[in-house]
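Enquirer: Provided below for reference: sequence and predicted model.
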Amino acid sequence: MQGSAGRRWSRVSRVVLAVLLVWGLCVTVTSATTPPPRVTPSLTAFDVLVYGGTGGGCVAAIAAARAGAGAVALAIPELHVGGMTTGGLQHADPGNESTVGGIAAEFFARVEAHYGPPHPPPPPPDPNAKQTYACLAARCVPLDFGESGTTDGMCGGECTPLAQNEWLAVSFLSKLSNGNTTLTVTLPPGQATSWIKKSERLSRYLNASMVHEVTDGQVFQLARPAAVVDATYDLITLTPTPLQRLVLATALDNTGRGSSGNPPPPGLDPGAPPGWLYEAHVAEEVFEQMLAEANVTILRNLTGIASAVKSETTLHSITSVSGVTLTASVFVDGSYEGDLAWAGGAKMVWGRESTAEYGELGAGRQPPSITYHVDPFWADGTVIPHVSDAPLVPVGAADDRIEVYDFRLCMTDSPGHRILVQKPEGYNASEWEFWRRLYKNGTAAPTSLKSAGLGCLGPIPNNYSDCGAHKCTKCDMLGMEHATDLLNGAWGYPNGTLEERSVIRDAHIKYTMGLLYFWATDPAAGEALHSELATVGHCTDEYGPPQTVATDPPHWPYQLYVREARRLVGDFVWTEHPPPAAIAARGVGLGAYSFDCHWVTLYANRSGPGASTSIYAEGRVNRGRDGKPTSGVLQQSFPVPYDALLPRRAELTNVVVPVACSSSHVRFNAIRMEPVWMVMGHAAGVAAAMAVREGFAVQDVDVPTLRASLLAQKQILTP
């Protein structure tokens, strides 16, 4: 049944209102594949308007247009589409890639296609081959491929051989029955080349030293990383989740596709979604192509939302800070910050709920999870830089603090494609006193960037060829703990003004540049870091002009990594707990991540053991669906309820929110991955098109019909 709040405006009335409101105002309008100069739009009224150029926002616009919504626009506050998917991340983190389908999977497949055709499918397994098995709880996994052997005694009996595409991605992380920390594999004849035991979920633990040249029939070993201390790490903890597939791939060459001319090894899964490692500029090109093909109008340089026009529960228009007014029948808020829903009057929150609010174990302020035995004070009793002395709420209580943001850097050792670390303007060596004390003035300095907390995810594909005897490396740099994650630096961002957010963004740039320069030059950082940073730098083929902000350093990532900001509070709030069966049955996609929150506060310890001589870090949550701590991130897949995308019916009835969705802080950290937001954006776009066509409130969209449409578009709704 159609209510007044959900009625569709006529195209004429919307255009007339738009002309009255914005006659003569300017905005950048394009459907092209490159950012154009500013022009005056001829149309500012749309059937569906998506605000926010995140990956989820882009997919929502594409989905709405493909679903026949009519005139669809994507309004973004910057020049570049894609958010973190194209502006920082070059290692997509899908968790369980088998949950990613629909337009999201199409996007990653098209990114992969840029680098050439995929490997052919592997030959079928030899039914007469004998295999050796090791036990993973109730299931058994073949550890040796093509090698004869007997059932491993770890299983305590017979093991049922798994189908070739069901091999679990345990590889070298398995603890063998004899306690060895290496896994020995004999390559079948005819399969000699450089091999790397590779899984999308395990690639963070691999590096070049783990790749071994072998010849036919020769044995090689992969050492288990030192950080993996027992068999309860990562995927080992996941039973009885659905089987994860083991992917064996050749050692990456400069294309990221494997050594040319070599066939894939047995066990290569031809169905694994491609494109998880990619170059940012390629991803941006693909998004631009897909948006243009769908005839989505892109409105660039919309500098935030200053106001909105609304009657009852229907949002009619938004006006940007730069004075541009846009109208639509249905809106999709694809922003990280939830700015459109907030402007429309939806209830939103930020920070951490208390444990009591939803009964969540991971909620509220957390106990410290890292203790640094570092004096937090200067001689005058004030805290050293980057350490907080602000009061803390009790453990488990609510606060408005937010997890760390950062910039995900793209770095390379290619001499012809790098800018080495530069001294930032206003650099002050005393700002880095925490690190100086942590490294004991050089006597305990890190041995590498990775040990300092800045690791390489990848290598990502590239065409570099100027590194001499070794292949050039290009990396998505993941900073954790006391590296490029700026602890205490994001708290004011979620509900900040544009000016306040700009200051915070600029502070993250200055912090990151300063830390890199400290590592590169300060005696306390040690010679190992000095040497490494003398050979790697920012990639010059990424994040070129035009910059998001004109004053950004050259080739700096466009997007600040806003892991979490505002969150919608709908009639249904998705929490740590599984939703009721009736809500779960309204799933429009899947996720598969743990509750994965990064650190929130770095603070001086003023009481208890180590008072005044230690520094604590708190906020880290890494829990499984059962609420218990986990050392991995991949969890059993879960449905994404349509209801989590909806504002309260009493507040907004023509807005869908797939990114800053209705969830608690804990649940949000299980869904905040770009591929999941893209899956949610797909559902939001199709739902918006249905609401436009039928004249319904978004809360009245028929979910069975929505699910059927998504399934027809290859969205994955069940594990």
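Expert: Nice, thanks for sending it over.
Enquirer: Show me what the longest helix belonging to the chain is packed against.
Expert: Of all the segments assigned as helix in the chain under DSSP state H, the longest by residue count is helix 498-521. Applying 3 or more Cβ pairs under 8 Å, 6 or more residues apart in numbering; DSSP states H and E, one finds that helix 498-521 makes contact with helix 526-533. All C-beta atoms are positioned from the backbone trio N, CA, C, and that covers glycine.
Enquirer: roughly how far out does the next helix-or-strand element following the helix it packs on sit from the chain middle?
Expert: The C-terminal neighbour of helix 526-533 among helices and strands, as given by DSSP states H and E, is strand 537-539. On the basis of Cα atoms, centre = their mean, to the nearest Å, strand 537-539 sits 21 Å off its chain's mean C-alpha point.
Enquirer: residues in contact with strand 537-539?
Expert: Here strand 537-539 makes contact (Cβ atoms under 8 Å, 6 or more residues apart in numbering) with 409-412, 414, 417-421, 474, 553-556.
Enquirer: Now do the buried residues in the longest helix of the chain.
Expert: In terms of neighbour count (16 or more other Cβ atoms under 10 Å), helix 498-521 has its buried residues at 501, 504-505, 508-521.
Enquirer: With stretch 525-532 instead?
Expert: Going through stretch 525-532 with 16+ other Cβ under 10 Å, the ones that come out buried are 525-526, 528-529, 532.
Enquirer: which one of those residues sits closest to residue 614?
Expert: residue 525 (21.6 Å; Cβ to Cβ).
Enquirer: Which residues are in contact with that closest one?
Expert: Residue 525 sits next to 435, 439, 442, 445-446, 452, 518-519 when contact means Cβ under 8 Å, 6+ apart.
Enquirer: at 10 Å instead, please
Expert: 432, 435-436, 439, 442, 445-446, 452, 515, 517-519, 533 (Cβ atoms under 10 Å, 6 or more residues apart in numbering).
Enquirer: okay, the residues you listed in a markdown table with distance to residue 325 and pLDDT next?
Expert: Formatted as a markdown table, the entries for these read as follows, by distance: Cβ to Cβ, whole Å; pLDDT from 0 to 100:
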| residue | distance to residue 325 | pLDDT |
| --- | --- | --- |
| 432 | 47 | 98 |
| 435 | 48 | 97 |
| 436 | 52 | 97 |
| 439 | 54 | 96 |
| 442 | 58 | 85 |
| 445 | 56 | 94 |
| 446 | 52 | 95 |
| 452 | 48 | 95 |
| 515 | 42 | 98 |
| 517 | 44 | 98 |
| 518 | 47 | 98 |
| 519 | 47 | 98 |
| 533 | 48 | 97 |
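Enquirer: Pick out whichever of the residues you listed sits closest to residue 653.
Expert: Using Cβ to Cβ, residue 515 is the member of the contacts of residue 525 that sits closest to residue 653, with 46.7 Å.
Enquirer: what pLDDT does the closest residue to the closest one other than its chain neighbours get?
Expert: Once flanking residues are discounted, residue 515 sits nearest to residue 484: 6.5 Å by Cβ to Cβ, 6 or more residues apart in numbering. Per-residue confidence at residue 484 stands at 94 (pLDDT).
Enquirer: next one: the one 4 residues further on
Expert: At residue 488, the model reports a pLDDT of 97.
Enquirer: ok, then the element right after the one helix or strand residue 47 maps to?
Expert: For residue 47, the enclosing helix or strand under DSSP H and E is strand 45-51. Next in sequence after strand 45-51, counting helices and strands by DSSP H and E, comes helix 55-66.
Enquirer: Retrieve the pLDDT associated with the residue nearest to residue 316 when sequence neighbours are not counted.
Expert: Taking Cβ to Cβ, 6+ apart as the measure, residue 316 lies nearest to residue 309, with 4.6 Å between them; neighbours along the chain are not counted. The per-residue pLDDT reported for residue 309 equals 96.
Enquirer: Residue 309: how many residues sit nearby?
Expert: Residue crowding around residue 309 was assessed by other Cβ atoms under 10 Å; the count is 15.
Enquirer: pretty sure it is in a strand, no?
Expert: Yes - looking at residue 309 with DSSP: H, G, I helix; E, B strand; the rest coil, it is inside a strand.
Enquirer: before we move on, back to that, okay, angle between the strand holding residue 47 and helix 55-66 too, please.
Expert: Note on geometry: by axes from the mean of the first three to the mean of the last three Cα atoms, to 10 degrees, strand 45-51 and helix 55-66 are set 160 degrees apart in direction.
Enquirer: hang on, the earlier thing: for the contacts of residue 525, which one is nearest residue 115?
Expert: Residue 115 lies nearest to residue 533 out of those, by Cβ to Cβ, at 28.8 Å.
Enquirer: what about the closest one, distance to residue 519?
Expert: Using Cβ to Cβ, to the nearest Å, residue 533 is found at 6 Å from residue 519.
Enquirer: what do those two both touch?
Expert: In the contact map built from Cβ under 10 Å, 6+ apart, the residues linked to both residue 533 and residue 519 are 421, 449, 454, 525.
Enquirer: Of these, which is the most crowded?
Expert: Ranked by neighbour count under the definition other Cβ under 10 Å, the shared contacts of residue 533 and residue 519 are headed by residue 454 with 27 neighbours.
Enquirer: Who are the contact partners of that residue?
Expert: By Cβ under 10 Å, 6+ apart, residue 454 lies in contact with 406, 409, 411, 446, 448, 475, 477-480, 483-485, 512, 515-516, 519, 529, 532-533.
Enquirer: Identify the bridge partners of it.
Expert: Judged by DSSP bridges, the bridge partners of residue 454 are residue 479.
Enquirer: Pull up the gap between it and residue 67, please.
Expert: If you go by Cβ to Cβ, the gap between residue 454 and residue 67 works out to 42 Å.
Enquirer: in this structure, which helix or strand is least confident?
Expert: Comparing every helix and strand of the chain by mean pLDDT, DSSP states H and E singles out strand 248-250 as the least confident one, with a mean of 22.
Enquirer: which is the next helix or strand following that one?
Expert: The helix or strand immediately downstream of strand 248-250 is helix 280-293, counting by DSSP H and E.
Enquirer: Now do that next one: which elements does it pack against?
Expert: In terms of contacts (3 or more Cβ pairs under 10 Å, 6 or more residues apart in numbering; DSSP states H and E), helix 280-293 is packed against strand 28-30, helix 55-66, strand 72-75, helix 84-87, helix 102-113, strand 297-300.
Enquirer: if you set the cut-off to 7 Å instead, what comes out?
Expert: The helices and strands touching helix 280-293, judged by 3 or more Cβ pairs under 7 Å, 6 or more residues apart in numbering; DSSP states H and E, are helix 55-66, helix 84-87, helix 102-113.
Enquirer: same question for the last one, mean pLDDT?
Expert: The average of the pLDDT scores along helix 102-113 is 91.
Enquirer: could you dump it to PDB, C-alpha only?
Expert: This file holds the C-alpha atoms of helix 102-113, laid out as PDB (Å, rounded to 0.1, in the frame of the first residue of the first chain):
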ATOM      1  CA  GLY A 102      26.800  -9.600  -8.400                       C
ATOM      2  CA  ILE A 103      28.200  -6.200  -9.600                       C
ATOM      3  CA  ALA A 104      30.900  -6.400  -7.000                       C
ATOM      4  CA  ALA A 105      32.300  -9.600  -8.400                       C
ATOM      5  CA  GLU A 106      31.900  -8.200 -11.900                       C
ATOM      6  CA  PHE A 107      34.000  -5.200 -10.900                       C
ATOM      7  CA  PHE A 108      36.800  -7.300  -9.600                       C
ATOM      8  CA  ALA A 109      36.600  -9.600 -12.600                       C
ATOM      9  CA  ARG A 110      36.900  -6.600 -14.900                       C
ATOM     10  CA  VAL A 111      39.900  -5.300 -12.900                       C
ATOM     11  CA  GLU A 112      41.500  -8.700 -13.400                       C
ATOM     12  CA  ALA A 113      40.700  -8.700 -17.100                       C
END
